[in-house]
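Give the three-dimensional model of this entry:
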Amino acid sequence: MGPVSPRWPRRWLNSALRWSALSVVEHVRPQAAVDAAWLRFLRTGLGVFALESFIALGYVLSKTSAPHRGALVAVIGAAVPITLIPLAQAARIVRSPWRATFTLVWTLLAGALLAACAVLDGGADSPLLDLSALPVIYAAVAMPFPAVAACSGAAVVEVGVVIATDPHLTAAPGRVLMTLGLLAGVVVLSLAVARRRVDLERRDAALVRELIELADTDGLTGCASQRVFHRALEAEISRAHRSGQPLSLAIVDVDLLKSINDAFGHAAGDAVLTQVGSRLREHCRVGDTAARIGGDEFAVIFPGADSKQAAAIAQRIAEGVRRDAPYGATLSIGVAELSAGNSEVNQLFRAADEALYVAKARGRSRVEMARSGVIDARVGEIPRQQIPEDVSAPKR
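Below you'll find the predicted structure:
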């Protein structure tokens, strides 16, 4: 076996923190909500530890005789600024990429300081030893199961070391058993709570992702929703401006869908829309966005394609619908390419929409290009040499 990489602790830590309550929140909530949750969690832990530090300091100062009183005061006195400084900087910490690492390391350090104080205060007989359960409880609130297990294991080791290093073991056996029983109960319950919490959070995150997917997808046609279309169009226009690559937009309208609904019922119209959505998704390339933007209206974004390439793909879509769709349904399609005159979202959409209206005015069931005029034939009658056999997807 080769030498162990010095990076393995970081990889383990990142893996351990991946499914924490707050990391799950990061995937399903806005950044402001994530930061607020982290801030509450961190401030709660730091605040409780600061309070316990002051209480422990008062306890030590109230003792009239203690063999290590000076050392205890020094350790607790050092713990107070170590806690108060991060507390004052909590908002900055939660905005950093290492906030999860800081929280876990700080929790383990707090347990070690408590154990050190218990050793100096007399070992197993010290009431400070009971505070060793606090880091475990804190970890169980929002940390992932592996992190809670690490804090639990550290607490068990720390208490064991305190008991084992007590040269006098002045505490009664019952006192030691009660301390161990308390810690064992806290560890078992904390692990159980952490496991259950993480399972529930994963389930909730999956439901949220499913809801987002449902909101992004039209349930009838399987195409993207109108919200996704507008977001994608803005992004693709910005990318086209930066890269200088062509970008085209097609607006697709189902001809006389209202007449089909009136003659055969809305179920028939839904069947037509389903077939149109299927043909759109079938003929679109990887990287294209096909969306339903209205009752009988669709749109397709073609990154990396000029108007002729986009019209060729639109032609194949229209031919597929004319061949396979029920009730003789056909499509009218308007195509526009991003250019100096159509450089913004509204301009490009308006150009494609105007081309669609030209297609409607010239008898429907045809494809029109905004820049180069009319594709001079009805759907199914475009000369094949105008249609490239393969329009490859752009490299993203």
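
least trustworthy helix or strand in the chain by mean pLDDT?
strand 373-374 (a mean of 38; mean pLDDT, DSSP states H and E).

Can you list the helices and strands that the helix or strand where Ala206 lies packs against?
Ala206 belongs to helix 173-216 when assigned by DSSP states H and E. Counting contacts by 3 or more CB pairs under 8 Å, 6 or more residues apart in numbering; DSSP states H and E, helix 173-216 packs against helix 21-28, helix 133-142, helix 145-164, helix 226-243. The C-beta positions use only the backbone N, C-alpha and C, and glycine is treated the same way.

The longest one - what's its average pLDDT?
Yep, that's helix 145-164 we're talking about. Helix 145-164 carries an average pLDDT of 91.

Name the residues that touch that helix?
15-17, 19-20, 104, 107-108, 111-112, 114-115, 118-119, 123-124, 126, 129, 132-133, 135-136, 138-140, 143, 169, 176, 179-180, 183, 186-187, 190-191, 194-195, 198 (CB atoms under 8 Å, 6 or more residues apart in numbering).

Out of the helices and strands packed on helix 173-216, which is the most enclosed?
helix 133-142 (a mean of 23; mean count of other CB atoms under 10 Å).

which helices and strands does that helix pack with?
Using 3+ CB pairs under 8 Å, 6+ apart, helix 133-142 sits against helix 21-28, helix 31-62, helix 99-120, helix 145-164, helix 173-216.

Is it possible to get JSON lines of the ones you listed that adds distance to Leu331?
Below are the helices and strands packed on helix 133-142 laid out as JSON lines (distance: least, CB to CB, whole Å):
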{"stretch": "helix 21-28", "distance to Leu331": "38"}
{"stretch": "helix 31-62", "distance to Leu331": "41"}
{"stretch": "helix 99-120", "distance to Leu331": "51"}
{"stretch": "helix 145-164", "distance to Leu331": "53"}
{"stretch": "helix 173-216", "distance to Leu331": "24"}
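
What residues does Met369 make contact with?
Contacts of Met369 by CB under 8 Å, 6+ apart are Ser307, Lys308, Ala311, Gly334, Val335, Ala336, Glu337, Ala355, Ile375.

Most neighbours among those, please name it.
Val335 (34 neighbours; other CB atoms under 10 Å).

Could I get the pLDDT score of that residue?
The per-residue pLDDT reported for Val335 equals 95.

Any of the contacts of helix 145-164 buried? List them.
For the contacts of helix 145-164, a burial check counting by 16 or more other CB atoms under 10 Å picks out 16-17, 19-20, 104, 107-108, 111-112, 114-115, 118-119, 123-124, 126, 129, 132-133, 135-136, 138-140, 143, 176, 179, 183, 186-187, 190-191, 194, 198.

okay, the contacts of Met369 in a markdown table with distance to Gly363 next?
Output for the contacts of Met369, formatted as a markdown table (distance: CB to CB, whole Å):
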| residue | distance to Gly363 |
| --- | --- |
| Ser307 | 21 |
| Lys308 | 22 |
| Ala311 | 17 |
| Gly334 | 14 |
| Val335 | 17 |
| Ala336 | 20 |
| Glu337 | 24 |
| Ala355 | 14 |
| Ile375 | 13 |
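
from memory Arg364 sits against Gly328, does it?
No. Assessed by CB atoms under 8 Å, Arg364 is found out of contact with Gly328, at 11.6 Å.

okay, these two: which has more neighbours?
Arg364 (15 against 11).

which SS class is the more buried one?
Classification of Arg364 using DSSP: H, G, I helix; E, B strand; the rest coil returns coil.

Done for today, thanks.
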